[in-house]
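S.K.: How does the following fold in three dimensions:
(chains A and B)
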Amino acid sequence: MKTDKMFNVRHSLSHLLAAAVLEKYPKTKLGIGPVIENGFYYDFEFQEPISEADVKVLEKRVRELAREKLSFSKKIITPIQASNSFKKEPYKKELIAELKKKKASISIFETASGKGKAKKVVFFDLCSGPHVKNTSEINPDGFKLTTLAGAYWRGSEKNKMLTRIYGLAFETKKELDDFVTMQEEAKKRDHKILGPQLDLFTFSDLVGSGLPLWTPRGTLVRMLLDDFVWELREKHGYERVEIPHITKKDLYIKSGHWDKYKDDLFHVRTREGHEFAMKPMNCPHHTQIYARKQWSYRELPQRYANTTMCYRDEQSGELSGLSRVRAFAQDDAHVFCRMDQVREEFLKIWDIIHEFYPKFGFNLNVRLSRHDPKHPEKYLGDSKRWKMAESMLKSIADEKKVNAIDGLGEAAFYGPKLDFLAKDSLGREWQVATIQLDMNMPERFDLSCVNEEGKKEGIVMIHAAVMGSIERFLSILIEHTAGLFPFWLAPVQVMIVPINDVHAEYAKALLSTLKEASIRAELSPANETLGKRVREAELRKIPLTIVIGDKEVSDRTVSIRKHGNKMSEVKSIDAFVEDIVIAVQEKAL
RNA sequence: GCCACCUUAGCUCAGCGGUAGAGCAACGCUUUUGUAAAGCGUGGGUCCUCGGUUCAAAUCCGAGAGGUGGCUCCA
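M.R.: Numbering: from 1, shown residues only, chains lettered A, B, ... in the order given. Alright, predicted model coming up:
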């Protein structure tokens, strides 16, 4: 099997890297060096900092080692031998102690040159394998060391930070090059670069990191997206609500958020010394809209939709473009209903999500995000209630004939979720929409209705976000489309390019015709060459470029160039306008 | 927050101890064009900020801010 072979190759390369490191920096302490997707890494505690240039030297040495036809062999050793062999390796000793505790067998892998009596061990590492038998199985040109990064020992921020060296490894140089090319392609689509380039959003050092500012074009796109979600929600009986962006801390003490997230809130103190917080989510506010009056069961469900900003004090090192910000808009909605209405409400939101995502060319996968019974302290409410809620969500996924991915431990602290994962044009998966069932928060806020028997009955709430956050959704959409939005969403849909000033009048008339039809068009004046103006429209990712010359003026037609297409199509003005108006109505891709 | 690296004109970058340069963009003039870069000219910089070393700092050192890639976190 090819994959197994690559596992062994990657794993063995991580050992060779460690060998090269010890050879050059003998005092280095070894962490671990596992295989990962597309390659491997190894964690080290260097005695002195190393640089990218040092990594290049190490890469060269690893390549030499790979060419030396070194053998890999496994050896089972006793705990005492293990302690002796790794005397100077504190991290290995920690691992050995754990193996001892578990009474697991301890093995090492020796990397050696020569055979029989001439055999010389150049490196050995605590390892259960597997590995290649000989480094001749490794293609020395199929790998490269890529990045230098910090990583906590055993992934805990309480531990020491080690230095991690990442490597890529493939069977052939071509596969490696293709992968690197693919990464470069992804980089070209990076929303952090494309967004400002297409003039959608910007950041300001004075405003602060993680706080995106939206330009007119970007704001237009946000509005169009939000309007689309609203259009879908309205059909299903949602009503809009609005809430302030701060609250007394009492709200979050009651909801349970204070305990769990108080460090992640932006705190606000009034002049009188009262403690407020910027809202990091909307559910607690929305519960108080529901709680304004007594409800008859006949009036349920109550469905509240609200696109609104949330604020979270994220760690500075975590911020990244629009994917992780400190202020973001959620297209949030909460349904307050009785338990026996949950199924139908879930199905409605499911439909909304499945009407929304195909309009961008996304395919969706579904994940059932469950609680982790091993960590009850992470969740509100008892395990029995959780299991019931989870089985309900499972049956909804089953009814939709979807094989949901199992997301153990992925639940929110108040309830299980059905999460939707969108696959983008580069094959990457992103969590986007979510439907969450919450039996805990309504209880905490004592939300109820009066039932058929005239008695007070507790209700449940459903959290339903279609885009999740507009910022995050846009970051995904920009990279998915490389900035070339579907026609209905493009901030500028049509660029009109008259060949020379003689055609200006006709072009202006066309511009106003398009504006009357609510098409977003711009006119490019004839003081640059045609080629340059076409190029600018292409770079701005404008879906349609209309070239107007003598032929078009005399025939009352337009010559239409679709983005990325060299060939143009000629249509009458009326036919053109009709076609694009329909394309907008249908949100055609 | 932690580790590494980065920050020079609007953008992309060169310069790396002797007080700033290119291409593109902008502006002006010329050009009036058939589908991805016309020509000439002009303006534009507290070289991220604050300290330090030095006769001299964009360049070396320290701190801070912002960014990138990881780690941790993510309601």
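S.K.: switch to C-alpha atoms for all contacts and neighbour counts from now on
M.R.: Fine.
S.K.: Nearest to RNA strand B: which residue in the stretch 351-500 of chain A?
M.R.: Nearest residue of the stretch 351-500 of chain A to RNA strand B: residue A:500, at 3.3 Å (Cα to the nearest atom of the strand).
S.K.: Let me know how buried the residue found closest to that residue once you drop the neighbours it is linked to in the chain is, in neighbour terms.
M.R.: Of all residues not flanking residue A:500 in the chain, residue A:526 sits nearest, at 5.2 Å (Cα to Cα, 6 or more residues apart in numbering). Here the number of neighbours of residue A:526 (other Cα atoms under 10 Å) works out to 16.
S.K.: Residue A:526 belongs to a helix, doesn't it?
M.R.: No. Looking at residue A:526 with DSSP: H, G, I helix; E, B strand; the rest coil, it is coil, so not inside a helix.
S.K.: rewinding a little: next one: the residue of the stretch 351-500 of chain A closest to RNA strand B from residue A:550, what distance?
M.R.: 9 Å (Cα to Cα, to the nearest Å).
S.K.: So between those two, which is more surrounded?
M.R.: A count of neighbours by other Cα under 10 Å puts residue A:500 above the other of residue A:500 and residue A:550, at 16 against 13.
S.K.: Going along the chain, name the helices of the stretch 401-550 of chain A.
M.R.: A:440-444, A:470-481, A:504-516, A:530-539, A:550-555 (DSSP state H, counting those that start in this stretch).
S.K.: where in the stretch 151-300 of chain A is pLDDT low?
M.R.: For the stretch 151-300 of chain A, no stretch has pLDDT under 70.
S.K.: Equivalent analysis for chain A, please.
M.R.: Along chain A, segments meeting pLDDT under 70 span A:1-3.
S.K.: hmm, what's the outermost residue in it?
M.R.: Most distant from the centre of chain A: residue A:117, at 54.6 Å, with distances by Cα atoms, centre = their mean.
S.K.: Which parts of the stretch 101-250 of chain A are helices?
M.R.: For the stretch 101-250 of chain A, the helices defined by DSSP H, counting those that start in this stretch cover A:173-188, A:191-197, A:216-235, A:249-255.
S.K.: what is the orientation angle of the first one with helix A:470-481?
M.R.: Put simply, helix A:173-188 runs at 140 degrees to helix A:470-481, going by axes from the mean of the first three to the mean of the last three Cα atoms, to 10 degrees.
S.K.: Quick one: residues in contact with helix A:173-188.
M.R.: Outside of helix A:173-188, the residues within contact range by Cα atoms under 8 Å, 6 or more residues apart in numbering are A:139, A:141-143, A:168-170, A:194, A:426, A:479, A:482.
S.K.: Among the helices of the stretch 401-550 of chain A, which comes closest to residue A:8?
M.R.: Closest approach to residue A:8 among the helices of the stretch 401-550 of chain A (Cα to Cα): helix A:470-481, 33.5 Å.
S.K.: follow-up on the earlier one: so which of the helices of the stretch 101-250 of chain A is nearest RNA strand B?
M.R.: helix A:191-197 (5.8 Å).
S.K.: is that closest one anywhere near RNA strand B?
M.R.: Yes. Helix A:191-197 is in contact with RNA strand B by Cα under 7 Å from any atom of the strand, via residue A:192.
S.K.: Show me what counts as buried in that helix.
M.R.: Buried residues in helix A:191-197, counted by 16 or more other Cα atoms under 10 Å: A:191-192, A:194-195.
S.K.: Going by neighbour count, which residues in stretch A:569-588 are buried?
M.R.: In terms of neighbour count (16+ other Cα under 10 Å), stretch A:569-588 has its buried residues at A:571, A:573, A:576-577, A:580-581, A:584, A:587.
S.K.: can those residues go into a markdown table with extra columns for secondary structure and distance to RNA strand B?
M.R.: Formatted as a markdown table, the buried residues of stretch A:569-588 follow (DSSP: H, G, I helix; E, B strand; the rest coil; distance: Cα to the nearest atom of the strand, whole Å):
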| residue | secondary structure | distance to RNA strand B |
| --- | --- | --- |
| A:571 | strand | 11 |
| A:573 | helix | 13 |
| A:576 | helix | 14 |
| A:577 | helix | 17 |
| A:580 | helix | 18 |
| A:581 | helix | 21 |
| A:584 | helix | 22 |
| A:587 | coil | 23 |
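S.K.: Among these, which one lies nearest to residue A:397?
M.R.: Nearest member of the buried residues of stretch A:569-588 to residue A:397, counting by Cα to Cα, is residue A:587, at 27.3 Å.
S.K.: residues contacting the closest residue to the closest one other than its chain neighbours?
M.R.: Nearest residue to residue A:587, sequence neighbours excluded (Cα to Cα, 6+ apart): residue A:488, at 5.6 Å. With contacts defined as Cα under 8 Å, 6+ apart, the neighbours of residue A:488 are A:583-585, A:587-588.
S.K.: Please identify which pair of those residues lies farthest apart.
M.R.: By the measure Cα to Cα, A:585 and A:588 form the most distant pair in the contacts of residue A:488, at 7.8 Å.
S.K.: related to what we said a few turns ago, winner for burial among the helices of the stretch 401-550 of chain A?
M.R.: Among those, helix A:470-481 has the highest mean neighbour count (mean count of other Cα atoms under 10 Å), at a mean of 22.
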